[in-house]
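Asks: please find the sequence and the predicted model below.
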Number of protein chains: 2
Amino acid sequence: MNVKRADTIADALEERIFTGEFGDGERLDEIRLATEFGVSRTPVREALQRLVASGMARHLPRRGVFVRQPGPVELMEMFETMAEIEGVCGRLATLRISEQALGRLEAANTRCQAAVESNDADGYYRENERFHHVIYQQAGNSFLEQEALRLHRRLKPFRRIQLRLRGRMAQSMREHQAIVAALKAGDAERAAKALREHVAIQGEKFHLLMSRLKPEANEV
Amino acid sequence: MNVKRADTIADALEERIFTGEFGDGERLDEIRLATEFGVSRTPVREALQRLVASGMARHLPRRGVFVRQPGPVELMEMFETMAEIEGVCGRLATLRISEQALGRLEAANTRCQAAVESNDADGYYRENERFHHVIYQQAGNSFLEQEALRLHRRLKPFRRIQLRLRGRMAQSMREHQAIVAALKAGDAERAAKALREHVAIQGEKFHLLMSRLKPEANEV
DNA sequence: GTCAACGATTTTGTATACAATATCGCCTGT
DNA sequence: ACAGGCGATATTGTATACAAAATCGTTGAC
């Protein structure tokens, strides 16, 4: 193992929170996890601290660490924030993007199109991610890029679902093309708006799916 | 002590990094800090992890944690990101702000004006902070608000300095008034632009001061 | 029967002990 | 004299032991 054990434990726990194996409010028992991972409490506690720092769990002093699944309201807030940050990245990228990066965007879009045609959701998802990462990077601000990546990653399990909606992949594809068009035209405000709405729609589609699947889970 | 010891240690270390007592690249020796704080290594290690999580230090496995002071480039990136986020908050707040909050903004501005007239930089700083916090809050997105507060806090030691520039307080005051005017007019784009530039100028002024004070520190 | 208080138990937070690995200095060989 | 390797030392990472505090159950009083 290249990284220290506490890091791997943190990753494993993170994954389990993402998949929903750990429900909201569930206490993460240090001893239980320690025995489960076959380690002492020390590395488990380090991992838990990492979860708390990333906002995936809450720490109540002398009480323990409790997983904190975002509710519908917070999820919509996170999607809105992501949309705004993407918009910012898009506006800055319009002014700063390189020719090469524009090429990478179009290449990713081409592969997205292929995925749409073969109805390959996984492939689309992968290329879509690449597309967005290029835009974050081309905003020309490493700090902003890192923040965008952080939130992007946090929303990953929720973003993925909405691609299952009928026709969403093709719609997303058209939005990508509009984004590239605005970037090529050097129209920063149009690029910002296109990206903002592209992500906002993802949030709305996700919300739609959630309210369909479990309509009772819409409060708090 | 209400909070656990590791938290207070983290706060103390954070403060010392902010004040520059710990320089960039300096190793934070667990044993040294433990003896200094009169505790064992365990709470010190927890505190160090918190610093790493907040980006104020870096952790090299089996090597230790090293303080990571942002260089001029990263600082400008952080100011630019802050400017963009404030712009976003401003745009959203224009659509969502309450009458009461508008009143609070104007009250804060009035107190700012008083501080300008008595040349009270500390007072100005305090009311300026309140002003911005109201805008974050009125964006109507708790998640975004928390992100804004986090970055705002991170930039605190650097934001404060620029107020010492001659005439900066009065200029900042005028910018605040333009922001409130845009908010009252319901012109979201104008409010966004005004806030973006207000913060961007802070970054520029800070940069100006830095290049004056230590012109050799402008690389990396 | 219910509520409160007290003690036992569990669990977190901290200290210390141990293990593993990196760093530094010395020594030897060329 | 300098480079490389080997060992001593120091430091991080993990395990265990201990302390403090919260929870839970029981018991007793009303």
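Replies: Cool, the structure landed. Bear in mind the structure is a predicted one, so any value in this text is a computation, not a measurement. Residues are numbered from 1 along each chain as shown, chains lettered A, B, ... in the order given.

Asks: enumerate every residue touching the closest residue to DNA strand C within chain A.
Replies: When distances are taken as CB to the nearest atom of the strand, chain A reaches nearest to DNA strand C at A:Gly64, 3.4 Å away. For every residue, glycine as well, the C-beta is placed using N, CA and C. With contacts defined as CB atoms under 8 Å, 6 or more residues apart in numbering or on different chains, the neighbours of A:Gly64 are A:Arg27, A:Leu28, A:Asp29, A:Glu30.

Asks: wait, isn't the last one in contact with A:Arg45?
Replies: Yes - A:Glu30 is within contact range of A:Arg45, at 6.1 Å (criterion: CB atoms under 8 Å).

Asks: the two: who's more crowded?
Replies: Summary of the neighbour comparison: A:Glu30 and A:Arg45, criterion other CB atoms under 10 Å in any protein chain shown, with A:Arg45 having more neighbours (20 against 17).

Asks: okay, and the residue nearest to A:Ser142 when sequence neighbours are not counted sits in which element?
Replies: What sits nearest to A:Ser142 in space, not counting adjacent residues and going by CB to CB, 6 or more residues apart in numbering or on different chains, is B:Glu77, at 5.9 Å. Assigned by DSSP states H and E, B:Glu77 belongs to helix B:72-96.

Asks: buried residues in that helix?
Replies: Residues of helix B:72-96 classed as buried by neighbour count (16 or more other CB atoms under 10 Å in any protein chain shown): B:72, B:74-94.

Asks: what does chain A put close to DNA strand C?
Replies: Within chain A, the residues that sit near DNA strand C (CB under 7 Å from any atom of the strand) are A:27, A:29-31, A:41-42, A:45, A:59, A:61-65.

Asks: buried subset of the residues you listed, written for ChimeraX?
Replies: Those of these that meet the burial criterion (16+ other CB under 10 Å) are gathered into one ChimeraX selection, given here:
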select /A:30,45,59,65
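
Asks: filtering the residues of chain A next to DNA strand C by proximity to DNA strand D, which remain?
Replies: Under the cut-off given by CB under 7 Å from any atom of the strand, DNA strand D has A:Arg41, A:Thr42, A:Arg62, A:Arg63 from the residues of chain A next to DNA strand C close to it.

Asks: format those as CSV; extra columns: distance to chain B and secondary structure.
Replies: CSV is the format used below for these (distance: CB to the nearest CB, whole Å; DSSP: H, G, I helix; E, B strand; the rest coil):
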residue, distance to chain B, secondary structure
A:Arg41, 11, helix
A:Thr42, 8, helix
A:Arg62, 8, coil
A:Arg63, 11, coil
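
Asks: what's the most distant pair in the residues you listed?
Replies: Pairwise distances across these peak at 19.3 Å for A:Thr42 and A:Arg63 (criterion: CB to CB).

Asks: domains of chain A?
Replies: Per the record, chain A has its domains at A:5-67, A:72-218, by automatic domain parsing.

Asks: now A:Leu92. Nearest residue, chain neighbours left out?
Replies: For A:Leu92, the nearest residue in space outside its immediate sequence neighbours is A:Ala139; the separation is 4.1 Å by CB to CB, 6+ apart.

Asks: what is the burial count for A:Val199?
Replies: Burial measure for A:Val199: 25 neighbouring residues, criterion other CB under 10 Å.

Asks: what's the answer for the one 4 residues further on, then?
Replies: Taking other CB under 10 Å as the criterion, the count of residues near A:Gly203 is 22.
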